[in-house]
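Student: quick one, what's the 3D model for this:
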Amino acid sequence: MDYWGIKFFFLLCFLDANIKFPRTVTSLLIPEEQVQQPAQDRHEPPSRSFFRHVVPYGQRPDVQTIGWKNQVALKNIFSVPKHMADPSSSASSRRKRGTSTRDLKPGDSAPPFTIITTEGTLRYPQGVLTNVPIIIHTYDKRSGFLEALWNTPQSFDGIIRGHPLVHYIFLSTSLSAYADAHWMKKQVVGRMIQLRVPEPEMNVLLERMHFATTPAYELGNWIPDILKEWRCEDHNCGYYQASFQAESSTVPLSLSTFDCLMNDPNCAARMNGETQPVVLKRQDARYDWLPNMFVGFGSRSVPVVFAGAGCEKHPLVRNKIALLTDGACSYFKKVFSMQGSGALGVIVVANIGEAIHDINCQGSECSTVLSIPATMVPYDERIMTFARQGTFINVKFQTTQSDNFYVGIDRKGLLQEMGWLLFPSFHFFSWQVHGMDFISDLQDQVATQADLVINVFNRTKMQGDAGAVASNIKIPWDGNRMSFAKMTLDLQLQCPGATDRTCAEWDHTVHLFVCCDDSPMCGMELGRWISPYRRHVGRWLTDASHLIPLLSHKRCNFTMKHPPWTDPWYPILNLRFAEPLDWLKAQRGDGGLYPDHIEPIFIGSETFDISYNTKWPPYHFHVPTDVRRVTTYALITGHGSDNNNCAEFCVTSHNFLLNEANLNSRIFTNAGTPQGCAHRVKFGVEPNQHGTWLYGRNGWCPGENVAPWTLDITDQVLFGQENRIRYYGHYNNTDPNPTANPGNMIVSVYLVYWKEHTALSSPPKKYRKVS
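Tutor: Predicted coordinates:
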């Protein structure tokens, strides 16, 4: 042995004799009652208002309550690089890898797996995991977001009060997965007890929750592979971190050599005179309340100053980040005081033994717009000691890539991505399951619903001024009219690749126009949708039977457009026809009605300002005496954001006044609600989009078809005489009157005449279903 080898040997002997390193012994047979749990004395955060726009309809807010000047920035905060290569879409890469489970993509069938849980062996697709939706979630102690998710009691309400049939499989990345499994189960049961869930119901819920006792990396199946392949890259994915470094390179961030050896794997570098940063996980404040830390500072290093609890102004934090202790006052008070002191941002340090958790404002506090970011990190003695001593410390914010934490399997056994979790709550799990069920139900519905299916677009690229164009599409036309009385638009918006990361980033209006051989109705709008924020699983059915007269010839051209500067979508559009007219006559006798004639009466996109209602002159029309039914069909959506958050996030009313005697009104009460679009996942809104999808909008939601507003006005019209219909829109029960940046309303309203069949000219035809 040479000189340096002997020296190293004696150094090891010295360390072994004088320093007692803690040892952790993991047994596979630890009784549940003996599992040591993390401290549970952390305070339960007070109930916080998720939204700040709770203003009754008819009452104008005194202040700009939601801080919508930050909403444009919010979209930029959530932006991730465009044009990212999708590994799953590369044929060459798949060939190189062969046919392993790493080739699995969203929409593929989930292979079988076996997992050992606290209750025994779980096998898929057998037993309780047969034909049910499944969410697989991996708990990773290195993630501040997941720490907040599992330590905020209200978070569990999403899986306790959520979908009644879903099964959850909870994994851990830790070597102590056995202990983690029992701890996770204890967290869920603790919340059930708080909610006073009856014991029989609790047992039923726990039968659908499976806690794996084997670390994820020891499962020996395809699940770890897919979590790695479908890696996290976006909001609350990966490891959000705060990296602290002493300003002087000669002052290491360790209390002593002993502390260094015991707690820091970078100790050796420090002992050689090099300083290594102290990297702590972090959880940023709610995305819709304060700016994001990383977006606020990028990768630059910023000085940190300790300012106590931060409940009052502090003179030393100007142009620095304030390091604060938790408690003593609300998070709003801390951020408000530090912003008033000139601080650039806020770092709240959790109390000793407490987990980091969600930072949000409460109630009326949220109406005050704040502009500096805030985050929470776990307690660290080194950081707090040096901060209290006045040592100059710098911090920078970073995100380290991780494997994915979530994957779904729908009830048909198909793999699904989970999208974004915008804040730590299991409600996003429940929304994902409702979204998967909506698609599964729709697939079942279209398998049996139509008599004739005509494909218009089949992954046709929609981008630029031209959009997607389909020419010379043959329509079931009998020479005078359509051969069917029911028409459904079946639209899928697909992405360039199989995964969300390849999808267009923004929510934009998508219009479908039709033109049939130079008809006077050429260029009219047949349907409207709103694209999702970067999700690829959307599919919607829209009943457009009222608009059948727009298809006025045997050959038609279709154009689908969204803003020309945006990234592409690849629509698949089918026209699904049902109720052939001769079948209708045979079934209903001489009383079956069909849409015979259509008139566009209010068409356009107009600025929602004081002159809005002057732009829609009254429409005069004459109803023939052989008409049996008169309806209106309207698509109305609000966009943009003025000082009243109009027309996207404000509540508006829309009115049709017929013959100055009959008022028909619709109020978009969903607009501006905190989770108005999240509550519509059951009706088709794509869940967990990569943006601010939760809020209710004015007549629409991101990732959903625009539902038509239909009215039967037969009893309100005068047959054989002239009629007059007037349209007007109101905000706060009066004409809109914004002071800056007015939004706009996009309006397409049609008047439809329905007639009846008078004779059965031929026996019912048999139409072959086309898929």
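
Student: all contacts plus neighbour counts: C-alpha atoms, from now on.
Tutor: Fine.

Student: worst-scoring helix or strand of this protein, pLDDT-wise?
Tutor: One helix or strand of the chain scores below all others by mean pLDDT, DSSP states H and E: helix 71-77, with a mean of 37.

Student: and Asp180, that one's in a helix?
Tutor: Yes - under DSSP: H, G, I helix; E, B strand; the rest coil, Asp180 sits within a helix.

Student: contacts only, for the closest residue to it other than its chain neighbours.
Tutor: Spatially, and ignoring its direct neighbours in sequence, Asp180 is nearest to Ser172 (6.7 Å; Cα to Cα, 6 or more residues apart in numbering). By Cα atoms under 8 Å, 6 or more residues apart in numbering, Ser172 lies in contact with Thr138, Tyr139, Asp140, Asp180, Ala181, Ala212, Thr213, Thr214, Pro215, Ala216.

Student: of those residues, buried ones?
Tutor: Among these, those buried by neighbour count (16 or more other Cα atoms under 10 Å) are Thr138, Tyr139, Asp140, Asp180, Ala181, Ala212, Thr213, Thr214, Pro215, Ala216.

Student: which ones are touching Ala468?
Tutor: Contacts of Ala468 (Cα under 8 Å, 6+ apart): Phe457, Thr460, Lys461, Met462, Thr559, Met560, Lys561.

Student: tell me which of these fall in strands.
Tutor: Judged by DSSP state E, the subset of the contacts of Ala468 located in strands is Phe457, Thr559, Met560, Lys561.

Student: not counting its neighbours along the chain, what's nearest the second one?
Tutor: Leaving aside its chain neighbours, Thr559 sits nearest to Val469 (4.6 Å; criterion: Cα to Cα, 6+ apart).

Student: where does the one you found land in three-state SS?
Tutor: On the three-state scheme (three-state DSSP), Val469 is labelled strand.

Student: the closest residue to Ser341 other than its chain neighbours: how many residues sit nearby?
Tutor: Leaving aside its sequence neighbours, Ser341 sits nearest to Lys313 (Cα to Cα, 6+ apart; 5.4 Å). Other residues near Lys313 number 19, with proximity taken as other Cα atoms under 10 Å.

Student: please apply the same query to the one 4 residues further on.
Tutor: Other residues near Val317 number 24, with proximity taken as other Cα under 10 Å.

Student: residues touching the closest residue to it other than its chain neighbours, list them.
Tutor: What sits nearest to Val317 in space, not counting adjacent residues and going by Cα to Cα, 6+ apart, is Ala343, at 5.1 Å. Counting by Cα under 8 Å, 6+ apart, Ala343 touches Val317, Arg318, Asn319, Lys320, Ile321, Ala322, Ile372.

Student: ok, what's across the strand from the fifth one?
Tutor: When you say that, I think you mean Ile321. Beta bridges link Ile321 to Val304, Gly345 when assigned by DSSP bridges.

Student: what segments of the stretch 401-550 of the chain are helices?
Tutor: Using DSSP state H, counting those that start in this stretch, the helices found in the stretch 401-550 of the chain span residues 427-446.

Student: which phi and psi does the nearest residue to His546 once chain neighbours are set aside have?
Tutor: Residue nearest to His546 in three dimensions, not counting chain neighbours: Pro595, with 6.1 Å by Cα to Cα, 6+ apart. Per-residue torsions, Pro595: phi -70, psi 120 (degrees, to the nearest 10).

Student: quick check: Pro595 touching Trp754?
Tutor: Yes - with contact defined as Cα atoms under 8 Å, Pro595 reaches Trp754; the gap is 4.4 Å.
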